[in-house]
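In: okay, structure incoming, though there's no sequence with it:
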């Protein structure tokens with residue numbers, strides 16, 4: 001894209017020097033293709049039904065597009081007032097309903113020339129310290145007014161971009177610090193592994209949640225992942241899975257998978273739709289090369305008026321979740337028939353539902369647990385895990401989620417060298433008295 005330089009200088013944020021320092025600190029001007037941000041731009045355009053969208057970073061004299069949907073060949077434009085250069089001056093959404101009649105956009109080359117922008121909406125990319133790096137924005141060639149829901153979604157997408165930039169910055173800082181202190185592969189592997197998992201699970205009113213990661217090798221980064229996060233409608237989404245391979249390739253695939261599932265949930269939190277979206281992304285990302293695939297379970301928690309939770313699960317080639325019922329029984333919540341994500345031309349994902357009532361828990365795990373070898377040389381398997389949990393029943397008092405994970409981690413310790421693969425664990429528990437948990441979280 002070419003633009004005609006403007007003689008009008010953009011107004012500058014009061015913290016412009018600090019803002020530009022943040023732009024460079026986050027590595028936001030990286031020009032290599034970025035599939036993650038391409039998907040954000042595409043999703044923004046889809047939500048608005050607009051032909052164009054970008055993830056834009058504002059430099060000292062130019063605006064760089066980290067992603068550009070519907071703007072073939074566009075990489076940057078001059079920092080001219082009216083559109084993105086003005087959006088960074090605002091703490092919230094910035095909207096121009098008709099750029100031809102709006103005084104703020106007069107003379108902007110994207111308005112006066114190609115592509116003839118008439119509508120513009122942007123959500124700022126703001127760091128934790130309040131510095132605006134740029135914006136996720138949508139553009140149209142006809143005037144229009146966005147809905148409140150569309151602007152909320154645009155802000156969610158901007159938050160996802162910042163989450164990714166924060167994660168990348170954290171990864172760089174972690175690895176740099178570890179290299180300065182230690183050169184051993186063990187320290188680097190552990191540092192990278194931490195960046196691929198959430199540092200802590202959020203508090204869910206009426207529910208207790210905990211997760212753990214058992215590393216089989218201290219010298220390699222594994223590919224297991226999990227997450228728990230809120231949806232806009234009061235429900236909560238969660239997932240757990242395992243990508244193929246080990247090392248740097250597996251780490252990249254894990255990051256892509258986790259980021260894609262979170263982004264997909266913004267557009268459509270239906271569990272099968274989330275897995276289908278991930279399947280398309282993996283096939284597109286690794287098209288023409290060796291297939292990269294994963295197993296995964298994606299679920300949605302729906303808090304009910306009686307303190308219980310409705311649970312909807314979709315599985316793609318992943319071991320079944322296990323429900324520990326209030327009467328001490330262990331019930332597999334099977335998604336049998338769900339196929340690997342990213343491997344087959346037209347995979348099938350299986351959906352199921354269950355309910356967690358007071359005193360009940362749900363255990364999700366990766367296959368490093370069930371494929372572990374017992375002292376007799378056989379695999380533990382799903383049946384062996386069910387028998388172990390039933391024989392070592394975990395009460396619902398205290399912290400049931402931690403007690404459940406502690407029980408499984410004791411099993412892993414007892415199996416010792418029989419555990420040859422990393423294992424991720426997630427426990428979701430409804431306390432025996434859910435009203436107490438609700439009061440604690442208020």
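Out: In hand now; what should we look at? Just so you know, these numbers come straight off a predicted model, no measurement behind them.

In: quick one: which helix or strand includes residue 302?
Out: Taking DSSP states H and E as the criterion, residue 302 maps to strand 294-303.

In: how about that strand: buried residues?
Out: 294, 295, 296, 297, 298, 299, 300, 301, 302, 303 (16 or more other CB atoms under 10 Å). Where C-beta positions appear, they are placed from N, C-alpha and C, glycine not excepted.

In: do you know how far the last one is from residue 325?
Out: Taken as CB to CB, to the nearest Å, the spacing of residue 303 relative to residue 325 amounts to 19 Å.

In: and the second one, by the same measure?
Out: Remark: distance between residue 295 and residue 325 (CB to CB) = 25 Å.

In: same check, this time on residue 98
Out: 59 Å.

In: how about residue 407?
Out: Taking CB to CB, one finds residue 407 at 15 Å from residue 325.

In: go ahead and confirm residue 97 touches residue 117.
Out: No. Look at residue 97 against residue 117 with CB atoms under 8 Å: they stay out of range, at 11.7 Å.

In: more neighbours: these two, which one.
Out: Between residue 97 and residue 117, counted using other CB atoms under 10 Å, residue 117 has the larger neighbour count: 23 against 14.

In: residue contacts, that one?
Out: Counting by CB atoms under 8 Å, 6 or more residues apart in numbering, residue 117 makes contact with 52, 83, 99, 105, 108, 110, 111, 139, 140, 141.

In: hmm, back to that, the more surrounded of residue 407 and residue 325?
Out: It is residue 407, of residue 407 and residue 325, that has more neighbours when counted by other CB under 10 Å, with 17 against 13.

In: I'd guessed the more buried one sits against residue 391; true?
Out: No. In terms of CB under 8 Å, residue 407 does not count as a neighbour of residue 391; the distance is 10.1 Å.

In: need the overlap of contacts for those two.
Out: With the criterion set as CB under 8 Å, 6+ apart, the contacts of residue 407 and residue 391 do not overlap.

In: domains of this structure?
Out: As assigned by automatic domain parsing, the chain contains the domains 16-161, 201-440.

In: how about these in CSV, adding distance to residue 168 and mean pLDDT?
Out: Output for the domains of the chain, formatted as CSV (distance: least, CB to CB, whole Å; pLDDT from 0 to 100):
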stretch, distance to residue 168, mean pLDDT
domain 16-161, 7, 90
domain 201-440, 9, 88
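
In: ok, which of those domains comes nearest residue 174?
Out: domain 201-440 (12.4 Å; CB to CB).

In: could I get the buried residue list for the helix ranked longest in the chain?
Out: When the chain is parsed with DSSP state H, its longest helix is helix 148-181. Judged by neighbour count using 16+ other CB under 10 Å, the buried positions of helix 148-181 are 150-151, 153-158, 160-162, 164-165, 168-169, 171, 174, 178.

In: what segments of the stretch 201-350 of the chain are helices?
Out: 247-267, 271-285 (DSSP state H, counting those that start in this stretch).

In: the longest one packs against which elements?
Out: Packed against helix 247-267 by the contact rule (3 or more CB pairs under 8 Å, 6 or more residues apart in numbering; DSSP states H and E) you find helix 35-48, helix 148-181, strand 224-230, strand 236-243, helix 271-285, strand 294-303.

In: that one vs strand 224-230, what angle?
Out: 20 degrees (axes from the mean of the first three to the mean of the last three CA atoms, to 10 degrees).

In: return the set of buried residues in helix 247-267.
Out: Buried residues in helix 247-267 (16+ other CB under 10 Å): 250-267.

In: what does the last one give?
Out: Using 16+ other CB under 10 Å as the test for burial, helix 271-285 gives 271-279, 281-283, 285.

In: which parts of the stretch 1-150 of the chain are helices?
Out: Using DSSP H, counting those that start in this stretch, helices in the stretch 1-150 of the chain cover 16-25, 35-48, 84-87, 109-112, 148-181.

In: and those: which comes nearest residue 69?
Out: helix 35-48 (4.1 Å).

In: please flag which of the contacts of residue 117 sit within strands.
Out: 52, 139, 140 (DSSP state E).

In: who wins for neighbours among those?
Out: Most crowded among the ones in strands among the contacts of residue 117, counting by other CB under 10 Å, is residue 139 at 28 neighbours.

In: my read: that one touches residue 48, true?
Out: No. Taking contacts as CB under 8 Å, residue 139 lies outside contact range of residue 48: 9.3 Å.

In: residue 365 contacts residue 427, correct?
Out: No. Assessed by CB under 8 Å, residue 365 is found out of contact with residue 427, at 9.4 Å.

In: grab the nearest non-local neighbour of residue 315.
Out: residue 335 (2.6 Å; CB to CB, 6 or more residues apart in numbering).

In: just the pLDDT for residue 3.
Out: For residue 3, the model assigns a pLDDT of 44.

In: cool, the one 3 residues further on as well?
Out: Per-residue confidence at residue 6 stands at 45 (pLDDT).

In: and what of residue 172?
Out: Confidence score, pLDDT, at residue 172: 79.

In: so what's it up against?
Out: Counting by CB under 8 Å, 6+ apart, residue 172 has contacts residue 27.

In: from residue 82, how far out is it?
Out: Distance from residue 172 to residue 82, by CB to CB: 34 Å.

In: could you do residue 122 as well?
Out: Distance from residue 122 to residue 82, by CB to CB: 11 Å.

In: repeat that for residue 38.
Out: Counting by CB to CB, the gap from residue 38 to residue 82 is 25 Å.

In: neighbour count winner among these two?
Out: Higher neighbour count among residue 38 and residue 82: residue 82, with 24 against 16, using other CB under 10 Å.

In: just to check, the more buried one is in contact with residue 109?
Out: No. Counting by CB under 8 Å, residue 82 does not reach residue 109; the two are 9.5 Å apart.

In: for residue 369, what are its contacts?
Out: Taking CB under 8 Å, 6+ apart, one finds 319, 380, 385, 408, 411, 412, 419, 423, 425 in contact with residue 369.

In: can I assume residue 235 is in contact with residue 299?
Out: No. Judged on CB under 8 Å, residue 235 makes no contact with residue 299 at a distance of 10.2 Å.
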